[in-house]
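[1] what follows is a predicted structure for the sequence shown.
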Amino acid sequence: MSYKVGYFIGSLSSTSINRTLSKALIRLAPDELEFTEIPIGGLPLYSPDADDDYPAEARELKTSIEATDAVLFISPEYNRSIPGALKNAIDWASRPYGENSFDHLPAAMIGASIGAIGTAVAQQALRSVLAFCNTRLMTAPEAYIHFTKDVFHEDGTITKPETEEFLRDYMAEFREHIVRVLTVLPRR
Ligand code: FNR
């Protein structure tokens with residue numbers, strides 16, 4: 001059985017280390033997971049004024065999320081929280097009221113930083129947001145990635161076997177989480 005995973009890159013940087021991390025994760029994930037990026041860079045800023053007439057970019061965002069079996073957030077930490085672009089995308093997807101695209105959706109998060117705590121604080125903020133959005137969050141294992149260029153290569157290869165094994169295990173756990181949630185709550 002295969003599962004569609006939509007993934008968000010929280011960074012808009014053309015040299016994003018979190019995008020590099022995403023390549024490694026896709027490479028190491030179980031074969032049953034099929035990945036599609038859900039882009040966030042073209043969205044306007046959310047306003048409730050748009051609730052009656054969502055712009056095309058936001059409608060596409062919601063359609064993409066609703067077409068997936070699970071979502072994966074791969075995000076940097078900005079000022080001890082998540083980047084504004086990512087929060088903006090989540091706000092669009094969660095609205096209009098009563099049409100929350102994240103409702104009951106299996107979700108997981110991971111992030112890379114050049115700093116030693118590896119996005120731990122941002123992930124706490126994201127947990128709070130995604131809990132309110134009623135996602136079925138994978139709470140363990142957690143994954144806080146301290147990114148160095150000697151370990152992560154741009155094509156998604158990893159030079160450190162322990163890191164590779166950790167990320168492979170993380171993605172295997174995510175697959176298990178998706179299966180568990182969908183057994184109880186099949187997608188409509
Ligand atoms: C950062 N960075 C950062 N790092 C961190 O560990 N904790 C933090 O709170 C912040 N805050 C922060 C704010 C802003 C506005 C920027 C631009 C950067 C550094 C950040 O981890 C580093 O730039 C990463 O390379 C960002 O990930 P991407 O964009 O390369 O994926």
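    All right, it came through fine.
[2] need the longest helix for this protein.
    Taking DSSP state H as the criterion, the chain has its longest helix at helix 161-184.
[3] touching that helix from outside, list them.
    Residues from elsewhere that reach helix 161-184 (CB atoms under 8 Å, 6 or more residues apart in numbering): 3, 5, 24-25, 28-30, 32-33, 69-70, 72, 104, 106, 108, 110, 136, 138, 140-141, 143, 151, 158. For the C-beta atoms, the positions are set from N, CA and C on the backbone; glycine is no exception.
[4] so what's Glu77 closest to, chain neighbours aside?
    Ala122 (3.5 Å; CB to CB, 6 or more residues apart in numbering).
[5] where does the residue most central in space within the chain fall, phi/psi-wise?
    Among the residues of the chain, Phe73 comes closest to the average C-alpha position under CA atoms, centre = their mean, at 1.3 Å. Backbone torsions of Phe73, given as degrees, to the nearest 10, read phi -100, psi 130.
[6] enumerate the residues of this structure near the ligand.
    For the chain, the residues found near the ligand under the criterion CB under 6 Å from any ligand atom are 11, 13, 16-18, 76-80, 113-115.
[7] so which of those residues comes closest to Asn88?
    Tyr78 (12.4 Å; CB to CB).
[8] which residues does the closest one form beta bridges with?
    Beta bridges link Tyr78 to Ser81, judged by DSSP bridges.
[9] my read: it touches Thr119, true?
    No - in terms of CB atoms under 8 Å, Tyr78 does not count as a neighbour of Thr119; the distance is 9.6 Å.
[10] between those two, which is the more surrounded one?
    Thr119 (29 against 17; other CB atoms under 10 Å).
[11] how about the helices in this structure?
    With helices called from DSSP H, the chain shows them at 17-28, 56-66, 84-94, 120-132, 161-184.
[12] just want the angle from the second one to helix 84-94.
    With axes from the mean of the first three to the mean of the last three CA atoms, to 10 degrees applied, the angle from helix 56-66 to helix 84-94 works out at 70 degrees.
[13] same check on the longest one?
    Orientation note: helix 161-184 sits at an angle of 10 degrees relative to helix 84-94 (the same axes, to 10 degrees).
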